[in-house]
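# This is a predicted model, with the sequence first.
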Amino acid sequence: MLDVNDIQHINHYLLEIARPQSLDNLISAVLANRLEQANQKQQARNKKQMSLYRPGQTYEAGQQLLFPLLENATGKVLAVRAGNNPDIGTFNVIQVQLSDGSRYEFASNLPEHPLNQRDFHELAENELPFNNLPEAHEMALPALRATVQSQLMQLPDFICLSNTWFLKQMLLEINEFHLNLVEALLDMANGGPLRTTELLPHLGLNETDDLSLLEFSLNYVLSQDDRFDEVGPKGEVMWYLKAKEPAAVLLVPPRLQMPEYTNIPTIHLPEALERLVKEINDEWDDCALDGKPTSNVDIFIPYHHLTSGTLPLNARTSPLFPSALSTQRVRFSIIDGNTGQRFSGWVVRPGRFVYGLAPLYEKYGALAGALVNIAPGSYPDEVVIRLHRRNKGADWIRTIQNQENQLRMTMLRQGVSVKMLDEVAVAVASQAEADALFERSLNRTVERVVEQSFRELVKLSQQGSVHATTLYSTVNTVKRLTARQVFSVLVNASYCEPVGDAYWRLKSEGGD
């Protein structure tokens, strides 16, 4: 935890440096100051505990002495003997072993000597060498980062942009004229993105000012203006005109909006369903990642993401997309893994989704359940997304229909040119019909939607059973629910029962 002295030191440090600093630099300054203060306290204790060597004093074996004229070396008195010099008179000689191991003899009990009156109050700076900062820095830095950042964030005098800190009072003046110029520049660039260094040369600011301070000052003022959006990945500051951003980036698409269902009970799911929750990894189920992130992942496209032109940002996929420390939206390039074609993509952190996949979905005729591979590109702002292609053919696919505003399902032949996950595969007879069902379901209970979906799926199964993953996929064509929510409703339902391996069936008439 930072104390008042630490905050004051950071303030003075930034005033002296006069340019923005990284969090690690601020922590290093705090550690250096703390260690210096600790050394000063130790010096004070040593002064009290050690006798200052003066020839006129009498010493005993075992005493610790400080020798200011020997660069403040310390030593221990090993022995005392009588001195032998007729010109001086009676005195003693002490044998001293210094801290470096060397031994010397010094006069003692010698009243007439110039050093007896000398003022040694001002000691040399290297009395206790300040040489332990690297070790302290290495040990303390990781643990201090989160604490220092959290505390500084709460102080109005400090500003943080892209993990770089500065004092608000030292910002250079950026006025409305400059902001209007930035807006015009971004508009000419079709919204952006443009780096701060690309904007500065056109603003007529004082070129003699420190460039890092100019960048920081402009970034801060832009961040306070609602016209502009910082969309760069971690380590880069890039600006975009909000008016030019896709609507889905600023407002979560209806199909992805996650309502709060207060009536769904929180229960412990059976092991098979708990395992499915982790496998599906719905972005709002907050599933932890098992093991370390992998270099690429295969996931299926659920219907609510297919129709929104998005992908889920969950524990499995988020490490593969550009991230940011504080910005809400990050713009990046989607590269078609099959052809190398580029598309504009957006990471929308508040909504937990990635936008910009519609062109790819349309290009390959993807259906819900299509398998997609995600891998990082050659640069931090690139992601390679590849739909697994197959020879085009007509497959029997579960298909959603709208009959008198009621959900109905049938098996219809659909043209398929990408690999699918059978348990998730679902199509719609028409987008308009599916949208009408979705709108109607907004006023229907979760239990009713799950039950109707389950009963319709049972009709399509020769065994009369429904896989829990298929139920999750079907429900999300008409109402947004996480896998855990769907499974919780399923477990509490009175009309069905498990038959093993995450399959469920309707209870027979007269059953419990």
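Everything's here; your move.

# What does Ser417 show for phi and psi?
Main-chain torsions, Ser417, degrees, to the nearest 10: phi -130, psi 10.

# mind listing what it touches?
Neighbouring residues of Ser417 by CB atoms under 8 Å, 6 or more residues apart in numbering: Tyr364, Gly365, Arg389, Arg390, Asn391, Lys392. Where C-beta positions appear, they are placed from N, C-alpha and C, glycine not excepted.

# how would you label the residue nearest to it when sequence neighbours are not counted: helix, strand or coil?
Nearest non-adjacent residue to Ser417, counting by CB to CB, 6 or more residues apart in numbering: Lys392, 4.1 Å away. For Lys392, the assignment made with DSSP: H, G, I helix; E, B strand; the rest coil gives strand.

# Please report the distance of Lys392 from Glu271.
Distance of Lys392 to Glu271, given as CB to CB, to the nearest Å: 39 Å.

# Just put the contacts of Ser417 in TSV and tack on pLDDT.
TSV is the format used below for the contacts of Ser417 (pLDDT from 0 to 100):
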residue	pLDDT
Tyr364	94
Gly365	92
Arg389	92
Arg390	91
Asn391	91
Lys392	89
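
# Next, format these as a markdown table and append distance to Asp226 and neighbour count.
Output for the contacts of Ser417, formatted as a markdown table (distance: CB to CB, whole Å; neighbours: other CB atoms under 10 Å):
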| residue | distance to Asp226 | neighbour count |
| --- | --- | --- |
| Tyr364 | 38 | 20 |
| Gly365 | 39 | 14 |
| Arg389 | 43 | 11 |
| Arg390 | 47 | 13 |
| Asn391 | 50 | 6 |
| Lys392 | 47 | 11 |
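
# Closest one of the residues you listed to Tyr104?
Using CB to CB, Arg389 is the member of those that lies nearest Tyr104, at 86.0 Å.

# Next one: the closest residue to the closest one other than its chain neighbours from Asp286, what distance?
Closest residue to Arg389 apart from its sequence neighbours, by CB to CB, 6+ apart: Val418 at 5.9 Å. Separation of Val418 from Asp286 (CB to CB): 29 Å.

# For these two, indicate the residue with more neighbours.
Val418 (20 against 12; other CB atoms under 10 Å).

# Show the contacting residues for that one.
With contact set as CB under 8 Å, 6+ apart, Val418 has these partners: Tyr364, Gly365, Ala366, Leu367, Ala370, Leu371, Leu387, His388, Arg389, Arg390.

# Roughly how far does the residue nearest to Arg389 sit from Thr474?
In terms of CB to CB, Val418 sits 20 Å off from Thr474.

# Tell me where the stretch 301-450 of the chain has strands.
Counting by DSSP state E, counting those that start in this stretch, the segments of the stretch 301-450 of the chain that form strands are 310-312, 329-336, 342-348, 353-355, 371-376, 382-387, 389-403, 406-418, 427-428.

# of all the ones you listed, which lies closest to Trp239?
Evaluated with CB to CB, these place strand 329-336 nearest to Trp239, the distance being 10.2 Å.

# Contacts for the closest one, please.
Contacts to strand 329-336, defined as CB under 8 Å, 6+ apart, come from residues 192-193, 229, 231-233, 238, 240, 245, 249, 321-324, 341-349, 356-357, 360, 363, 377, 381-386.

# do the same with stretch 241-253
183, 186-187, 190-192, 226-229, 308-310, 329, 346, 348, 350-351, 353, 355-356.

# same question, stretch 261-280
Contact partners of stretch 261-280, identified using CB under 8 Å, 6+ apart, comprise 285, 287, 290, 445-446, 468-469, 472, 481, 483-485, 487-492, 498, 500-502.

# Show the contacting residues for the closest residue in space to Ala368 that isn't next to it in sequence.
Nearest residue to Ala368 in three dimensions, chain neighbours excluded: Tyr303, at 3.7 Å (CB to CB, 6+ apart). With contact taken as CB under 8 Å, 6+ apart, Tyr303 is in contact with Ala368, Val426, Val428, Ser473, Asn476, Thr477.
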